[in-house]
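*Asks:* With the input below, show me the fold.
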Amino acid sequence: MDDVVDGVDDAATVLLVGSSGGHLAQLLALEGWYATRRRCWVTFDTPDAVSSLRDEDVVWAYHPTTRNVRNLLRNAILAVRILARRKVSAVVTTGAGVALPFVVVSWLRGIPTVYIEVYDRIDTPTLTARLCRPFLSAMLVQWEEQRRQYPEATVVGHLL
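*Replies:* Purely as a prediction, here's the structure:
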């Protein structure tokens with residue numbers, strides 16, 4: 001992971017963005033990488049997220065995001081606010097819907113964006129990955145087979 005976001009400002013914040021549940025679990029599995037970094041999480045205010053991120057810096061995003069244009073816009077405004085107020089060195093996300101506004105706003109601000117495709121989508125790309133792909137600095141996958149959809153991706157192996 002270090003070589004993917006090589007050269008980022010270690011004094012700045014890494015923004016870890018993901019829906020709650022499995023997406024959040026896969027981000028949490030990166031603890032060995034983010035443990036010594038300043039970080040902020042963006043996810044949904046659900047019992048699993050509240051419990052898992054109890055002692056972390058968290059910004060609660062708006063959900064549901066599937067087919068909810070209002071919350072997409074609200075999360076876009078949230079992304080603009082967070083990225084304007086914080087010195088962010090990189091955005092790392094596993095999706096889903098909450099990822100898109102943060103990836104696009106980060107791209108517009110020249111902030112490196114890393115998308116990690118979820119482990120359970122081996123044969124077909126996720127909608128969020130397809131939407132985010134043009135704005136990414138790096139695409140990571142967990143299975144070699146996922147490179148059929150993302151030939152430019154780096155295989156990082158299973159996170160869970």
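*Asks:* On the secondary structure side, give me the element for the residue most central in space within the chain.
*Replies:* Residue closest to the mean C-alpha point of the chain, counted by Cα atoms, centre = their mean, is Thr93 at 1.2 Å. For Thr93, the element it lies in under DSSP states H and E is strand 88-95.
*Asks:* Adjacent strands (with direction) for that strand?
*Replies:* strand 13-18 (parallel), strand 113-116 (parallel) (DSSP bridges).
*Asks:* I'd like to know which elements the following helix or strand past that strand is packed against.
*Replies:* Using DSSP H and E, the helix or strand that directly follows strand 88-95 along the chain is helix 99-108. Helix 99-108 is packed against strand 13-18, helix 69-85, strand 88-95, strand 113-116, helix 127-132, with contacts defined by 3 or more Cβ pairs under 8 Å, 6 or more residues apart in numbering; DSSP states H and E. Where you see a C-beta, it was placed from the backbone N, CA and C, and this is true even at glycine.
*Asks:* mind giving me TSV with those and columns for distance to Gln146 and mean pLDDT?
*Replies:* Shown next, in TSV, are these (distance: least, Cβ to Cβ, whole Å; pLDDT from 0 to 100):
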stretch	distance to Gln146	mean pLDDT
strand 13-18	17	97
helix 69-85	26	96
strand 88-95	13	96
strand 113-116	10	97
helix 127-132	9	95
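*Asks:* Quick one: list the elements packing against the helix or strand where Gly32 lies.
*Replies:* Under the criterion of DSSP H and E, Gly32 resides in helix 31-34. On a contact count with 3+ Cβ pairs under 8 Å, 6+ apart, helix 31-34 meets no helix or strand.
*Asks:* Low-confidence ranges, this protein, go.
*Replies:* For the chain, the stretches flagged by pLDDT under 70 are 1-10.
*Asks:* Tell me, how many residues neighbour Phe135?
*Replies:* Neighbour count of Phe135, defined by other Cβ atoms under 10 Å: 17.
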